[in-house]
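Quick one: sequence and predicted model below, then my questions.
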Amino acid sequence: MEQQLTSEFEELEVDTKFISAKMEELSRKYNKQFIAVKGGQLIATGKTFDEVLDKVKKIGVDPASVLIEYLPDKGEIILYWRWDLT
């Protein structure tokens, strides 16, 4: 279990670094869209989260293993809210 978690965190780090390194290019090309990254590669894009999720599933990739991010327009602010239902 610990080894699996370590592996998943390492994959997440690779994908996060990919997005950070390519943010300017990705934002220009996929402005106001969602992107899916796995293994340091862009594997799907779309205007909605569901569209990207469907594309990821269609290529046979487990969505739980993919980093999906929204690329906001310059100056756009994204607020995240988490409901605690406990």
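Happy to help now that I have it.

what's the pLDDT at the most centrally placed residue in the chain?
In the chain, the residue lying closest to the centroid (C-alpha atoms, centre = their mean) is residue 68, at 1.9 Å. Residue 68 is assigned a pLDDT of 95 by the prediction.

which residues does it contact?
34, 35, 36, 37, 49, 52, 53, 56 (C-beta atoms under 8 Å, 6 or more residues apart in numbering). In this view, the C-beta of every residue, glycine as well, is placed from N, C-alpha and C.

separation between the fifth one and residue 28?
Distance check for residue 49 against residue 28: by C-beta to C-beta, to the nearest Å, it reads 21 Å.

hang on, the earlier thing: from the contacts of residue 68, list the buried ones, please.
Buried members of these, counted by 16 or more other C-beta atoms under 10 Å: 34, 35, 36, 37, 52, 53, 56.

Helices - which of those residues land there?
Of the positions in the buried ones among the contacts of residue 68, 52, 53, 56 sit in helices, assigned by DSSP state H.

Does anything pack onto the longest helix seen in the chain? Which helices or strands?
Determined from DSSP H, the single longest helix within the chain is helix 2-29. Contact partners of helix 2-29 among helices and strands, from 3 or more C-beta pairs under 8 Å, 6 or more residues apart in numbering; DSSP states H and E: strand 33-38, strand 41-46, strand 67-71.
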